[in-house]
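*Asks:* All I have is the shape, not the residue letters:
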């Protein structure tokens, strides 16, 4: 397509690059669809790469970088059994140009499979139309207006809707799955990939915490319908991780089984560095840095994965249950053991508070940040009358065993999550506060009237008494006494 | 906010607990539950101002308040429990004996109907040791009522709870605590704050006898109290069960730290008073 440039982000990121970089050395690789340069380079480092793209400007750029390029549309890819590996981590939706046949998901899969040699490997990503990223998306895919959306199918597409059906479709095409992972938080650049087994039998609470972190980072400052972190953790903790993941990734092979299969751990995480999570020999889950990142000290990450549930989730749950004793214990424990880590980076297991990602620099004002989460998220909590951040922070400080005098909230505070549902809740809360404030103002006015009447009555009484002979006599006597006292004082000096 | 916050010196106790001036507690930013009740924690007729918190004793009361449309209830626990944290039981105190009995009273505007004579006889039949009768202030000031009880035992009054911020006896609960600690048992013909306070102060509770219904009283509510707290009714109760139930009603385990309480009551930033006067400087009012 001569005058077209892809207008949505290309597939990439640290984890995709890491996955693609696992292809066997010396293999012939087709990278189908738009992928980032870093990913292409990671493959090209030890394999022969051909890229299939539909945008001519992008094809020219790749060509200029010395990459072999096929520019056009998937139906025209006529060579068969040519590649050892096909990388389609962008999915199958951006392989056809506007010209000629528009292949659906199955047809695209068949076309890609055809170019694989027997024993060849396919790396494929499939977006989940019911993934958390979709559920919180305020825009509608089916009415997209960007240039690339000439067929905005959204959930009306024919791609499989869950990992089991995906396996079935691949199998029907003669492709056997070697590894399948659920990817979070967005299909184009996941920062967490976990196998259904890991999500099912692994440390669900810690994985939910990692998922929340991954989602939180991806959606910081982005407009959403509701807080995606809660949906992600609820899904992972509730055993629905794969069903609500943003995408599924598969490593599949065409028979016979390849001699050099790609070996992958149960969980991969990272947005620059790459970390694997896997059970150690004793069954305890361990964390190991697979790929370093510049300017970050990651050695602290190697070792056991801290167990337990995310402190933020525990605090919210205790708040919703109005369980003050637990809430106070959590706040005090947090303040005593991890006072410089935010609640979304601490996991709690049997009164042990551990930092989930110790490579994150120390933070200040962590309790105020949680107060902000409570208020901006519209969560019920035991201090409903504390509707401003300063007061609630002060209460939480007290509950954590800290002084209740807290510094004023800085004018330039952290941005609130840009979530429609929370905005709605804040609007409702503000309306309620305004209504309460006006009825309170009326009450004060009534009280003031009552007091005014009392004051008037008292003044009348005073005026009445001031006119009596007794009062006058007392007044004269008092004046004389004062004079006498003053004279006496002068005499003494 | 409301003058009921000062009843029984509640606000004064909380101010002392918070390290503030006990004599002149700052205004509480909301409504403090001033007695045990089976509704939303507020007293009958309290002119509630929307948007202000209700500070209730127990989580159960908070849930009830919520279901009654009160959206701003916060559990703080009973002021009497805060008092207990500041007045630990003296190690060498006199051995406890007898029973302190609180004949059910209405408040100033209410009048009770029932056979006082029969009630006193039943008390004297039930209780083993000496009985102290603790009367509400308006009964205590009635010479006839007082004389009726004095024939059977010591008669006391803990003080005047106060009205419209005036004449509050801020030692009311201190007086009550001192009296409760002299007795083995606390009893009444109705389940009430005094019985709960008694349990917290280490007395064995008993609720029995003619409940002496008020004119125009809502009888289903009175019956519900008996049905819902059976462990606290009877001449001799199952002590561990009664104690657990009573402490739950008072909000034991829910007490806030001084700094949290200051922040909740709107007292953060107030002048911090010198430590409150010590126990032995207090004058005891026994009759």
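*Replies:* Looks like it arrived, so ask away. Keep in mind that this is a model prediction, so the values were computed, not measured.

*Asks:* Which elements pack onto the lowest-mean-pLDDT helix or strand in chain B?
*Replies:* Here the helix or strand of chain B ranked lowest by mean pLDDT, DSSP states H and E is helix B:137-140, holding a mean of 82. On a contact count with 3 or more C-beta pairs under 8 Å, 6 or more residues apart in numbering or on different chains; DSSP states H and E, helix B:137-140 meets helix B:143-150. Where C-beta positions appear, they are placed from N, C-alpha and C, glycine not excepted.

*Asks:* ok now the helix it packs on, how far from the chain's centre?
*Replies:* 23 Å (C-alpha atoms, centre = their mean, to the nearest Å).

*Asks:* got it, and stretch A:90-101?
*Replies:* For stretch A:90-101, the distance to the chain centre is 31 Å (C-alpha atoms, centre = their mean).

*Asks:* what is the rounded mean pLDDT of that stretch?
*Replies:* On average, the pLDDT along stretch A:90-101 is 94.

*Asks:* With stretch B:21-37 instead?
*Replies:* 89.

*Asks:* and the residue nearest the centre of chain B, what does it touch?
*Replies:* Among the residues of chain B, residue B:193 comes closest to the average C-alpha position under C-alpha atoms, centre = their mean, at 3.7 Å. The contact partners of residue B:193, taken as C-beta atoms under 8 Å, 6 or more residues apart in numbering or on different chains, are B:35, B:36, B:78, B:80.

*Asks:* Can you tell me the element the last one falls in?
*Replies:* The reference is to residue B:80. Element membership for residue B:80 (DSSP states H and E) is helix B:79-86.

*Asks:* okay, now residue 10: neighbour count?
*Replies:* Picked chain A for this. The burial count assigned to residue A:10 is 22, neighbours taken as other C-beta atoms under 10 Å in any protein chain shown.

*Asks:* my question was about chain B
*Replies:* Using other C-beta under 10 Å, the number of residues around residue B:10 comes to 29.

*Asks:* And the pLDDT at it?
*Replies:* 90.

*Asks:* what does residue B:271 give?
*Replies:* So residue B:271 comes in at 53 (pLDDT).

*Asks:* what does residue A:85 give?
*Replies:* pLDDT recorded at residue A:85 is 96.

*Asks:* ditto for residue A:176
*Replies:* Residue A:176 is given a pLDDT of 94.

*Asks:* residue in the stretch 1-150 of chain B nearest to chain A?
*Replies:* residue B:51 (2.6 Å; C-beta to the nearest C-beta).

*Asks:* who touches that residue in this structure?
*Replies:* Residue B:51 neighbours (C-beta under 8 Å, 6+ apart): A:385, A:432, A:433, A:435, A:436, A:437, A:439, A:440, B:72.

*Asks:* So it: helix, strand or coil?
*Replies:* At residue B:51, secondary structure determined by DSSP: H, G, I helix; E, B strand; the rest coil is coil.

*Asks:* now the helix or strand harbouring residue A:214, how far from the centre of its chain.
*Replies:* Counting by DSSP H and E, the element that carries residue A:214 is helix A:204-219. Put simply, helix A:204-219 sits 6 Å off its chain's centre (C-alpha atoms, centre = their mean).

*Asks:* Reformat the contacts of residue B:193 into TSV and put distance to residue A:426 next to each item.
*Replies:* Formatted as TSV, the contacts of residue B:193 follow (distance: C-beta to C-beta, whole Å):
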residue	distance to residue A:426
B:35	37
B:36	37
B:78	34
B:80	39
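
*Asks:* which residues of the chain score low on pLDDT?
*Replies:* With no chain named, the answer covers chain A. Along chain A, the model assigns pLDDT under 70 to residues A:411-417, A:492-493.

*Asks:* think we crossed wires, I meant chain B
*Replies:* Along chain B, the model assigns pLDDT under 70 to residues B:1-3, B:43-46, B:105-115, B:161-167, B:270-287.

*Asks:* Spell out which residues of it are next to chain A.
*Replies:* With the criterion set to C-beta under 8 Å from any C-beta of the partner chain, chain B comes near chain A through B:29-30, B:47, B:49-53, B:59, B:62, B:71-75, B:253-254, B:256-264, B:268-269.

*Asks:* Looking at the residues you listed, which are in helices?
*Replies:* Among the residues of chain B next to chain A, the members found in helices (DSSP state H) are B:59, B:62, B:258, B:259, B:260, B:261, B:262, B:263, B:264.

*Asks:* Let me know whether the third one touches residue B:17 as I believe.
*Replies:* This points to residue B:258. Yes: contact status for residue B:258 versus residue B:17: in contact at 5.9 Å, counting by C-beta atoms under 8 Å.

*Asks:* These two: which is more packed in?
*Replies:* Neighbours per residue, other C-beta under 10 Å: of residue B:258 and residue B:17, the larger number sits with residue B:17, 22 against 19.

*Asks:* Run through who's touching stretch A:349-367.
*Replies:* The contact list for stretch A:349-367, computed with C-beta under 8 Å, 6+ apart, reads A:206, A:209-210, A:213, A:296-298, A:300-301, A:306-311, A:329, A:331, A:333-335, A:337-343, A:345-348, A:369, A:393, A:396-397, A:400, A:402.

*Asks:* of those, buried ones?
*Replies:* A:206, A:209-210, A:213, A:298, A:301, A:306-311, A:329, A:331, A:333-335, A:338, A:341-343, A:345-348, A:369, A:393, A:396-397, A:400, A:402 (16 or more other C-beta atoms under 10 Å in any protein chain shown).

*Asks:* ok, now which ones touch residue A:274?
*Replies:* A:14, A:15, A:18, A:268, A:289, A:290, A:291.

*Asks:* Show the contacting residues for the spatially closest residue to it that is not a sequence neighbour.
*Replies:* Excluding its sequence neighbours, the residue lying closest to residue A:274 (C-beta to C-beta, 6 or more residues apart in numbering or on different chains) is residue A:291, at 3.9 Å. Taking C-beta under 8 Å, 6+ apart, we find residue A:291 in contact with A:14, A:18, A:270, A:273, A:274.

*Asks:* what sits against the fourth one?
*Replies:* Applying C-beta under 8 Å, 6+ apart, one finds that residue A:273 lies in contact with A:14, A:289, A:291, A:292, A:293, A:296, A:298, A:301.

*Asks:* mind checking how far the nearest residue to it once chain neighbours are set aside is from residue A:40?
*Replies:* Residue nearest to residue A:273 in three dimensions, not counting chain neighbours: residue A:293, with 3.9 Å by C-beta to C-beta, 6+ apart. Remark: distance between residue A:293 and residue A:40 (C-beta to C-beta, to the nearest Å) = 19 Å.

*Asks:* next one: residue B:68
*Replies:* In terms of C-beta to C-beta, residue B:68 sits 65 Å off from residue A:40.

*Asks:* same question, residue B:61
*Replies:* 65 Å.

*Asks:* now residue B:138
*Replies:* As judged by C-beta to C-beta, residue B:138 and residue A:40 stand 91 Å apart.

*Asks:* Kindly report the same for residue A:275.
*Replies:* Distance, residue A:275 to residue A:40, by C-beta to C-beta: 23 Å.

*Asks:* and what of residue A:213?
*Replies:* From residue A:213 to residue A:40 the distance is 28 Å (C-beta to C-beta).

*Asks:* got it, and residue B:94?
*Replies:* 89 Å.

*Asks:* out of the two, which sits in the more crowded spot?
*Replies:* Set residue B:94 next to residue A:40 and count neighbours by other C-beta under 10 Å: residue A:40 wins out with 22 against 8.

*Asks:* Are we agreed that the more buried one is in a helix?
*Replies:* Yes: the assignment for residue A:40 (three-state DSSP) places it in a helix.

*Asks:* For it, give me its contacts.
*Replies:* Residue A:40 neighbours (C-beta under 8 Å, 6+ apart): A:31, A:49, A:51, A:62, A:67.

*Asks:* do residue A:86 as well
*Replies:* Residue A:86 touches A:29, A:30, A:32, A:112, A:115, A:116, A:120, A:121, A:122, A:123, A:124, counting by C-beta under 8 Å, 6+ apart.
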